[in-house]
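>>> generate a structure from the sequence data that follows.
(2 chains)
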Protein chains: 2
Amino acid sequence: MGNLCFGIDIGGTSVKLGIFTKEGELSDKWEIPTRKEEKGSFILKDVAASLEKKIEEKSLNRDDIIGIGIGVPGPVREDGTVLQCVNLGWGIINVAQEMKTLTGFDTKVGNDANVAALGEMWQGGGKGYKDLIMVTLGTGVGGGVILDGKIVTGSNGAAGEIGHVTVSYDEPESCNCTKHGCLEQFASATGIVKETKRMLEGSDEPSSLREVPVLSAKAIFDAAKKGDVLALRSVDQLGRYLGIALSHVAAVVDPEAFVIGGGVSKAGEMLIEVIKKHYEQNVMLALKGKEFKLATLENDAGIYGSAKLILGK
Amino acid sequence: MGNLCFGIDIGGTSVKLGIFTKEGELSDKWEIPTRKEEKGSFILKDVAASLEKKIEEKSLNRDDIIGIGIGVPGPVREDGTVLQCVNLGWGIINVAQEMKTLTGFDTKVGNDANVAALGEMWQGGGKGYKDLIMVTLGTGVGGGVILDGKIVTGSNGAAGEIGHVTVSYDEPESCNCTKHGCLEQFASATGIVKETKRMLEGSDEPSSLREVPVLSAKAIFDAAKKGDVLALRSVDQLGRYLGIALSHVAAVVDPEAFVIGGGVSKAGEMLIEVIKKHYEQNVMLALKGKEFKLATLENDAGIYGSAKLILGK
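Reported below is the predicted structural model:
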């Protein structure tokens, strides 16, 4: 068995690629653009060509390469079949098989949010845990469930869709998923801004946020850290919705730890503390005292996790 | 390898015991009382003695016995250590090891609700599925999570505690677990009665239930089946809380099916339909269309599941 593997994270704009040692060291990383023309039919070929070029460039021994792990932005079956990736133009396609045909290397494929969770477990904020939940607070809210060191995929690849847990039953606006009151509507970067705007518009309460030209999650957390009462209330509401959603998650799989990532998590310990507070208020005794950690791998979580996919437990 | 195994379900009043073939046929079953005196220290000895007696009585060949599976009413670690069984008087005790010492047979131990879920997967309402959630609506609300044909235990043995998912945020009364608004407070046999009493006492609305001397879950479902408007509203509320809780569960593990058991499930298809209705209203597209099944093994689910524990996948 070799000592190297490739970890690949296919996104809507670019593909990230990395070379890892079995021990988890990232020895090289680079990016190529995602060509979405013709239903994304160039993407895997571009990836294969880029890998071949890198193998030549670095004079890598092919026998030293264990295989390829790939994260894709859509639901994936256990056998590596992608059911649909709207962002890439893909319909049903067996990515694992196609990549093996193109490169000769064994390939494993996972959903990008799940793979990021695996990456954080392996070498990131969740290092040392085998049962963890990762929540990514970005443009949307993604999630990944890892049990016994392995991704839980679910029967249709929809496990870990924590962003679409209903947390409010009287939300008039609809989520991107068409439901109402999803966690994503409150805890994504856009959700926090929208909720804070509601608070600002719904009262005359003084707030430093009224002077901020373009409201952002960062601006709201910054104001909260300086003691702005309205901003603090908005952060507390965010923590409440997250704490409630994670209390539901805990009652299902009883993980060791939660890892919080994505752009919003740059708020740091204040975010962790407010989630933890509401989580503790909403779980039974046997589920109290879980660890809450910040993700550490940022945009590399996907390539780390993809590499771990092919390396196995 | 032998062809027989024992499935044992230790309850607070009695211990159920069964002999199973590898193929899942229950060839004999019996019960013994649960002696809870002296911190439950007689229980495992009584079970071992009863098994020995049965082996002799039926002239079973010891080489033909694969092992023993045991379900216990409390959290259990992967290694068979029980952390606490209040109902049996037990503190921390390695049941698997002790039973192996007493009988010489390999022993596996699981939480009773989890083991019942495994039993229903193997030979009950969930037959044919590998990823399923069982919900038991009895005096309390129990749950079990099965993924890839195996029980999900959780890091502290508290996975599948679906009865303690918060479904109402303004419930003044507290649950047995000390939280407020747990599913168990609404969807257990006692919960349904309590909620219906609230409805009856909160209005002068006519209802056939006002003539019922002792309100029960059965009486409420019977009245609903006859079209009683208040009873129908109570059943709908029950379905709503269950549908919401199961929508949360689905977003975490994306199972193939839900199996509903326990005394309340005797209400049959009406219960299934009302849960399904509210579930569908509360999940995203990728999680719609799950199967909802009634449990079929009743009080034998525990011995079936315990037997399956020792037989493995």
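
>>> where along chain A do the strands fall?
A:4-10, A:14-21, A:26-33, A:65-72, A:81-82, A:93-94, A:107-111, A:132-137, A:141-147, A:150-151, A:257-261, A:291-294 (DSSP state E).

>>> just want the most central residue of chain A.
Nearest residue to the geometric centre of chain A (Cα atoms, centre = their mean): residue A:113, 3.7 Å.

>>> for it, what are its contacts?
A:134, A:136, A:142, A:143, A:144, A:160 (Cβ atoms under 8 Å, 6 or more residues apart in numbering or on different chains). Placement of C-beta: from N, CA and C, glycine included.

>>> so how far is residue A:206 from it?
Distance from residue A:113 to residue A:206, counting by Cβ to Cβ, to the nearest Å: 39 Å.

>>> residue A:43 now?
51 Å.

>>> interface residues of the stretch 101-250 of chain A facing chain B?
Within reach of chain B by Cβ under 8 Å from any Cβ of the partner chain, the stretch 101-250 of chain A has these residues: A:131, A:145, A:147, A:152-162, A:164-166, A:177-179, A:182, A:244-245, A:247-250.

>>> now go through these and say which are in helices.
Residues of these located in helices (DSSP state H): A:244, A:245, A:247, A:248, A:249, A:250.

>>> neighbours of the fifth one, how many?
Put plainly, it is residue A:249. 28 (other Cβ atoms under 10 Å in any protein chain shown).

>>> same question, the second one
The local packing count at residue A:245 equals 31, with neighbours defined by other Cβ under 10 Å.

>>> mind listing what's buried in stretch A:7-27?
Residues A:7, A:8, A:9, A:10, A:11, A:15, A:16, A:17, A:18, A:19, A:20, A:26 are the ones in stretch A:7-27 that count as buried (16 or more other Cβ atoms under 10 Å in any protein chain shown).

>>> quick one: least confident of those?
In terms of pLDDT, the lowest of the buried residues of stretch A:7-27 is residue A:11, showing 93.

>>> hmm, who's touching stretch A:167-183?
With contacts defined as Cβ under 8 Å, 6+ apart, stretch A:167-183 is touched by A:140-141, A:162-166, A:184-186, A:241-242, A:244-245, B:282-285.

>>> picking up where we left off before, comparing residue A:43 and residue A:206, which residue is more hemmed in?
residue A:43 (25 against 10).

>>> correct me, but the more buried one touches residue A:14?
No - the pair residue A:43 and residue A:14 fails to qualify as a contact (Cβ atoms under 8 Å) at a distance of 10.9 Å.

>>> what touches both of the two?
Common neighbours of residue A:43 and residue A:14, using Cβ under 8 Å, 6+ apart, are residue A:34.

>>> is the helix-or-strand element of chain A with minimal mean pLDDT anywhere near chain B?
The helix or strand of chain A with the poorest confidence is strand A:81-82; it has a mean of 90 (mean pLDDT, DSSP states H and E). No - using Cβ under 8 Å from any Cβ, we find that strand A:81-82 stays clear of chain B, coming within 13.4 Å at best.

>>> can you tell me what sits against that strand?
Taking Cβ under 8 Å, 6+ apart as the rule, strand A:81-82 contacts A:72, A:74, A:75, A:76, A:90, A:92, A:93, A:94, A:95, A:96, A:109.

>>> can you put the residues you listed in TSV and add neighbour count and pLDDT?
Output for these, formatted as TSV (neighbours: other Cβ atoms under 10 Å in any protein chain shown; pLDDT from 0 to 100):
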residue	neighbour count	pLDDT
A:72	26	95
A:74	18	86
A:75	21	84
A:76	26	88
A:90	22	92
A:92	9	91
A:93	22	93
A:94	16	96
A:95	25	96
A:96	25	96
A:109	29	96
